[in-house]
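**Q** Fold the following for me, if possible:
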Amino acid sequence: MSTVPKTPTAPPAERLPLTVPQLAERKRRGEPLVMVTAYDFPSGQVAEEAGVDLVLLGDSGAMTVLGYPSTVEVSVEELLTLCKAVRRAVKTALLVADLPFASYEASNREAVRTAQRFVKEGGAQAVKLEGGKLGARRAQAIVEAGIPVMGHVGLTPQTATALGGYRAQGRTATRALEVAREALALERAGCFSIVLEAVPAAVTAEIVRRLSVPTIGIGAGPATDGQVLVFHDLLGIYAGHLPRFAKRYANLREEMVAGLRAYAHEVRSRAFPAAEHTYSVSPEELARFQELLAAELPESGLP
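**A** Residues are numbered from 1 along each chain as shown. Down below sits the predicted model:
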């Protein structure tokens with residue numbers, strides 16, 4: 001179990017909403033970008049209060065929130081519901097929504113329509129899709145429709161089976177070149193930023209040097225312009241497999257279980273609720289109520 005670091009100084013109380021054009025300026029100035037996933041109103045509130053720069057309504061919510069075995073099963077409607085909840089909480093961070101599997105691959109028309117729904121109905125300011133030649137074509141169509149797109153290369157969970165499972169990508173020269181080509185294709189398609197997932201750090205560094213747009217890493221080393229982690233992984237809420245690249249900054253699941261066990265114990269021992277957890281009524285009103293109740297509803301005689 002990793003040691004939980006001390007909480008750093010809180011970010012400034014007043015922050016202006018981050019926009020897509022400002023990300024490029026942040027990259028130019030060398031200011032690291034902080035991104036985290038969120039899937040509901042409380043997690044959105046926590047991300048906002050912590051002062052992160054970007055919030056990703058990730059399709060990883062399929063597993064961390066909805067209990068699916070992978071990201072493939074989640075629907076547009078399910079992610080839209082989660083996106084709306086996050087939007088109600090996020091005020092200054094840039095909200096990016098994942099386009100789920102089978103919601104954009106069939107045609108440019110389908111891709112644009114899905115992206116429009118996440119912006120119009122979900123309140124997202126941008127969408128994210130997984131890369132490759134097909135991803136670049138769909139990204140270009142969405143960008144041309146006026147919606148900012150974040151690309152995603154390396155380990156792409158929606159197509160992990162085709163990549164040999166959930167494993168690092170780019171460990172051979174040939175595959176590393178493919179990842180680089182995919183990233184450059186997404187940049188040419190108009191993506192404002194690109195996520196690199198589970199790519200060797202040295203390979204990432206070479207790819208980043210050839211990109212002009214901001215890059216976000218997850219298990220891709222320190223060369224990217226920013227980092228993203230899954231909310232439930234970094235806070236220790238999710239009981240599933242913890243990826244090698246996910247650092248745990250808290251162990252909230254243990255505390256949550258301990259809290260619920262304490263609650264259950266106090267209920268069973270009748271220690272809860274105590275007097276301070278109940279409401280009072282005046283003796284006069286109680287006596288009057290008992291009078292009226294006895295007249296209308298006699299006691300059943302049951303214990």
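**Q** Need the nearest residue in space to residue 62, chain neighbours excluded.
**A** residue 74 (3.6 Å; C-beta to C-beta, 6 or more residues apart in numbering). Any C-beta I mention is one placed from the backbone N, CA and C, and that applies to glycine too.
**Q** ok, that neighbour touching residue 67?
**A** No - when contacts are counted by C-beta atoms under 8 Å, residue 74 is not listed as touching residue 67 (10.4 Å).
**Q** who has more neighbours, the two?
**A** Using other C-beta atoms under 10 Å as the criterion, residue 74 and residue 67 rank with residue 74 on top: 25 against 9.
**Q** who are the neighbours in contact with the more buried one?
**A** Counting by C-beta atoms under 8 Å, 6 or more residues apart in numbering, residue 74 touches 59, 61-62, 66, 68, 100-101.
**Q** go on, residue 215?
**A** By C-beta under 8 Å, 6+ apart, residue 215 lies in contact with 193-196, 204, 207-208, 223-226.
**Q** Now the phi/psi pair for the closest residue to it other than its chain neighbours, please.
**A** Using C-beta to C-beta, 6+ apart and skipping residues adjacent in sequence, the residue nearest residue 215 is residue 224, 4.2 Å away. Main-chain torsions, residue 224, degrees, to the nearest 10: phi -70, psi 160.
**Q** Residue 224 and residue 136: what is the separation?
**A** Distance of residue 224 to residue 136, given as C-beta to C-beta, to the nearest Å: 20 Å.
**Q** Closest to residue 40 out of the contacts of residue 74?
**A** Closest approach between the contacts of residue 74 and residue 40, by C-beta to C-beta: residue 61, at 8.4 Å.
**Q** Quick check, that closest one in contact with residue 39.
**A** Yes - contact status for residue 61 versus residue 39: in contact at 3.9 Å, counting by C-beta under 8 Å.
**Q** Below-threshold pLDDT in the stretch 51-200 of the chain: ranges please.
**A** 160-166 (pLDDT under 70).
**Q** Show me the strands in it, by range?
**A** 54-57, 94-98, 126-128, 149-154, 193-197 (DSSP state E, counting those that start in this stretch).
**Q** rewinding a little: and the contacts of residue 74, which is closest to residue 15?
**A** residue 61 (24.9 Å).
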